[in-house]
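Undergrad: predicted model and sequence below, questions to follow.
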Amino acid sequence: MSGGNITSLVNVVNKGTSSVNQMRNIMFLPYDKVGNTKIHKEFKANNMEAVLFENNHYKLEIRGQLLSQFHRDILDVIFAEGKLEPMAGERGYVHFSIYSILKRLGLRTDGENNYERIEKKLKELKKVDFILTSKEGLFEGDWVAFNLCDRAEYSKKLKEFVLVFSDSYLSMFQSDIMVDYNKYVPALVKMQSATLKALIRYVISNDFVNKSLDDLLEELEIKRADMTLRNFNKVKSNIKSHRAELEVFGITISGTEQVRYDKLKEIRFYNVEKELRKQEIINFGN
């Protein structure tokens, strides 16, 4: 991307809260108790590496740091502000006070514990690397690697915390669709269950959903085969006990555990490739 192109891309990314690809895969783990999961055990046993997802088409691996729905919460409140700015090296950056993040997450701002917790989570974003392999040869060399952040630290000059998003991360937005669910971020981050958050993010990245709860959980890599029937039923019972909260997002679960959703008018989609072409036409006309 040229300097003009990174500016155009940042403008489009600022229209959304997250993207379809990020909301539908498990880059951000959907588990309430990560330490008890198969992926956590694999990660610890395999020198901080693990396979997040694999099917007949793709394999997604993670290295360095596992990411949770709380990491995604933090990114949601950051991206919801629409203040990503372009910078050299085809990257983008945001700066903010940790106090503002705590306020938007609905967390206490008195005392140091929450400040330290947020700073730790922000710095963890810099530790992670992903490797996406295509089994159908879609990538040159069969795989692509990307990291989220090149920098995550306090800036004495700006007197705020700075996140610098990598060129490899931002370039992935070019073939993605931005989803603007800014209006629903406060209700989403307030939820206590990571599984509920992941389910909501997956569902609202679609125009329409009509699936069994079991099938939907499998999409989130929460599989009956990976746990006891008792624990799997506990996961489902927890979700069903929050029917009222799910209805805020237009999501309903029937007595037969069928999950239904029709896109809410306040949630908007932006095809990044099409939006970039629009900007090219506008810039050419000027």
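TA: Arrived safely, thanks for sending.
Undergrad: show me where the protein has its helices.
TA: 3-13, 20-24, 38-45, 69-79, 98-105, 113-127, 167-172, 185-190, 194-204, 213-219, 229-240, 243-247, 272-285 (DSSP state H).
Undergrad: how about TSV for the ones you listed, with distance to Lys159, mean neighbour count and mean pLDDT added?
TA: Placement of C-beta: from N, CA and C, glycine included. Below are the helices of the chain laid out as TSV (distance: least, C-beta to C-beta, whole Å; neighbours: other C-beta atoms under 10 Å; pLDDT from 0 to 100):
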stretch	distance to Lys159	mean neighbour count	mean pLDDT
helix 3-13	23	18	87
helix 20-24	30	18	92
helix 38-45	36	14	92
helix 69-79	17	22	97
helix 98-105	12	17	96
helix 113-127	15	16	96
helix 167-172	25	18	93
helix 185-190	25	17	97
helix 194-204	32	23	97
helix 213-219	43	17	95
helix 229-240	42	14	95
helix 243-247	37	13	97
helix 272-285	33	13	78
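Undergrad: out of those helices, nearest to Glu153?
TA: Closest approach to Glu153 among the helices of the chain is made by helix 113-127 (7.4 Å; C-beta to C-beta).
Undergrad: isn't Phe165 right up against Asp150?
TA: Yes. The pair Phe165 / Asp150 is scored as a contact, 7.5 Å apart, by C-beta atoms under 8 Å.
Undergrad: show me which of the two is the more surrounded one.
TA: Phe165 (25 against 17; other C-beta atoms under 10 Å).
Undergrad: contacting residues for His40?
TA: By C-beta atoms under 8 Å, 6 or more residues apart in numbering, the contact set of His40 is Val34, Leu66.
Undergrad: do Met27 as well
TA: Taking C-beta under 8 Å, 6+ apart, one finds Leu52, Leu60, Ile62, Leu67, Phe130 in contact with Met27.
Undergrad: would you turn the helices of the chain into a markdown table with distance to Glu266?
TA: Shown next, in a markdown table, are the helices of the chain (distance: least, C-beta to C-beta, whole Å):
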| stretch | distance to Glu266 |
| --- | --- |
| helix 3-13 | 19 |
| helix 20-24 | 16 |
| helix 38-45 | 34 |
| helix 69-79 | 15 |
| helix 98-105 | 18 |
| helix 113-127 | 27 |
| helix 167-172 | 26 |
| helix 185-190 | 12 |
| helix 194-204 | 10 |
| helix 213-219 | 22 |
| helix 229-240 | 23 |
| helix 243-247 | 15 |
| helix 272-285 | 19 |
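Undergrad: show me the one of those helices that comes nearest Ala145.
TA: helix 167-172 (7.1 Å).
Undergrad: which other helices and strands does the closest one contact?
TA: helix 3-13, strand 91-96, strand 143-147 (3 or more C-beta pairs under 8 Å, 6 or more residues apart in numbering; DSSP states H and E).
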